[in-house]
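*Asks:* Quick one, structure for this:
(chains A, B, C and D)
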Number of protein chains: 2
Amino acid sequence: MSRNANFIDKLREARLRPTKQRVKICELLFNREKTFHFTINDLVKKISEDLNEKISLATVYNTVHAFVKKGYLKEIAINSDKSYFDTNTSTHHHFYDEDTHELIDCEQNNIDSINIKNNITGKKINSVEVLIKVASDNQNHN
Amino acid sequence: MSRNANFIDKLREARLRPTKQRVKICELLFNREKTFHFTINDLVKKISEDLNEKISLATVYNTVHAFVKKGYLKEIAINSDKSYFDTNTSTHHHFYDEDTHELIDCEQNNIDSINIKNNITGKKINSVEVLIKVASDNQNHN
DNA sequence: ATTATACATTATAATTATTCTAAACTATTG
DNA sequence: CAATAGTTTAGAATAATTATAATGTATAAT
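*Replies:* Numbers count the residues shown, from 1 in each chain, chains lettered A, B, ... in the order given. Take a look at the predicted model:
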């Protein structure tokens, strides 16, 4: 119960009503050590498997988007037909496994700091992120 | 006609039959000085406006994908709701203007070469691309 | 040239991801 | 504990993309 209380506070701080669906999703997403990368579909599956509950698809979309807006989740752009989300909201890089369609964090210190020599005039840089696409070594790419 | 002949050769080299639809799309995409960033929808619109012709949507998808496969176009990851394509197929990076939602090429020599210290074991790196998100200096980000 | 064949194009249907809608529900406030 | 403002829900709607199957066309073999 104390863990849930934390999530309730977390939601309240972001002026999100701690509904039971939101708290459940928080439990799934934030009660973990390692970063979690997921699509909406992954999350829906996880809800029905791990929690043995049903949260409507529309609610999952709404909740995830609300969390992105409040900075609890980060959306990641991959060349794909789906949106990926990340529980690691810090600026960091990614490996994308083209075989398994899996996203893996690439810690910032795994790449030397990136220096952009010429920026667009009049604009400030908000983020610099690297996407490294990898595939099995013996893959046949024609 | 000599320009079209070039495209016919270009297509033949890639073992793509130079059908009239493919040649038309080549004309639109590759008869230009500057890099062209587009979505399928942009291209379909351009075909009907610029050429006053109709190429079926399925053909536009097939053709663009064939061009990506043969290295005439490059797919870029920005938004996950649509696929963006780029006539600049060289390894290069992108600025994404968060105010205007515009994509701007960032040439490779604008960033020092990126060294990934530890790669995923058993995988080979297919591409390394940087996305630099920029916004107006006096923008209000909440 | 003509024909046969393999590949392309097309309209349309199907699929997939996501958003919208409007009614029922629930957390908060008074 | 009622009022109300925000939330959830199922299902419909929309948007992007892919599949299908019939028709058309470029190429290679006659």
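*Asks:* When you work out contacts or count neighbours from here on, use the C-alpha atoms and nothing else.
*Replies:* Will do.
*Asks:* Which neighbouring elements make contact with the helix or strand bottoming out on mean pLDDT in chain A?
*Replies:* Within chain A, no helix or strand scores below helix A:2-13, which has a mean of 86 by mean pLDDT, DSSP states H and E. For helix A:2-13, the packing partners by 3 or more Cα pairs under 8 Å, 6 or more residues apart in numbering or on different chains; DSSP states H and E come out as helix A:20-30.
*Asks:* Which SSE is immediately downstream of the helix it packs on?
*Replies:* Scanning forward in sequence from helix A:20-30 by DSSP states H and E, the next helix or strand is strand A:37-38.
*Asks:* List the buried residues of the least confident helix or strand of chain A.
*Replies:* A:4, A:7-8, A:10-11 (16 or more other Cα atoms under 10 Å in any protein chain shown).
*Asks:* just the strands in chain A please.
*Replies:* For chain A, applying DSSP state E gives strands covering A:37-38, A:74-76, A:84-86, A:93-97, A:102-106, A:123-136.
*Asks:* would CSV of those strands with mean pLDDT and mean neighbour count be doable?
*Replies:* Listed next are these as CSV, based on pLDDT from 0 to 100; neighbours: other Cα atoms under 10 Å in any protein chain shown:
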stretch, mean pLDDT, mean neighbour count
strand A:37-38, 94, 21
strand A:74-76, 93, 22
strand A:84-86, 95, 21
strand A:93-97, 92, 21
strand A:102-106, 90, 17
strand A:123-136, 92, 19
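*Asks:* Which one of these lies nearest to DNA strand D?
*Replies:* strand A:84-86 (15.2 Å; Cα to the nearest atom of the strand).
*Asks:* distance of A:Pro58 from DNA strand C?
*Replies:* For residue A:58 the amino acid is Ala, not Pro. According to Cα to the nearest atom of the strand, to the nearest Å, A:Ala58 stands 5 Å off from DNA strand C.
*Asks:* does stretch A:34-42 come close to chain B?
*Replies:* No - if you take Cα under 8 Å from any Cα of the partner chain as the test, stretch A:34-42 misses chain B, and the best it gets is 11.2 Å.
*Asks:* First-to-last residue distance for that stretch?
*Replies:* Taking Cα to Cα, to the nearest Å, the first and last residues of stretch A:34-42 lie 16 Å apart.
*Asks:* Give me the residues contacting it.
*Replies:* Stretch A:34-42 has contacts (Cα atoms under 8 Å, 6 or more residues apart in numbering or on different chains) with A:29, A:60-61, A:82-88, A:103-105.
*Asks:* which of those residues are close to DNA strand C?
*Replies:* For DNA strand C, the contacts drawn from the contacts of stretch A:34-42 by Cα under 7 Å from any atom of the strand are A:61, A:82-83.
*Asks:* So for the residues you listed, which is the shakiest by pLDDT?
*Replies:* Minimum pLDDT for these is recorded at A:Lys82 (86).
*Asks:* Identify each buried residue in stretch A:35-44, please.
*Replies:* Buried residues in stretch A:35-44, counting neighbours by 16+ other Cα under 10 Å, are found at A:36-38, A:40, A:43-44.
*Asks:* one step back: alpha carbons only: can I get the least confident helix or strand of chain A in PDB?
*Replies:* Coordinates of each C-alpha in helix A:2-13 appear next as PDB, following Å, rounded to 0.1, in the frame of the first residue of the first chain:
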ATOM      1  CA  SER A   2       2.900   2.400   0.700                       C
ATOM      2  CA  ARG A   3       4.100   1.900  -2.800                       C
ATOM      3  CA  ASN A   4       0.800   2.900  -4.200                       C
ATOM      4  CA  ALA A   5       0.700   5.900  -1.900                       C
ATOM      5  CA  ASN A   6       3.900   7.000  -3.600                       C
ATOM      6  CA  PHE A   7       2.200   6.800  -7.000                       C
ATOM      7  CA  ILE A   8      -0.800   8.600  -5.700                       C
ATOM      8  CA  ASP A   9       1.400  11.400  -4.600                       C
ATOM      9  CA  LYS A  10       3.400  11.400  -7.800                       C
ATOM     10  CA  LEU A  11       0.200  11.700  -9.800                       C
ATOM     11  CA  ARG A  12      -1.200  14.400  -7.500                       C
ATOM     12  CA  GLU A  13       2.000  16.400  -7.900                       C
END
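*Asks:* quick one on the thing from earlier: show me which of the contacts of stretch A:34-42 neighbour chain B.
*Replies:* Among the contacts of stretch A:34-42, the ones lying near chain B by Cα under 8 Å from any Cα are A:82-83.
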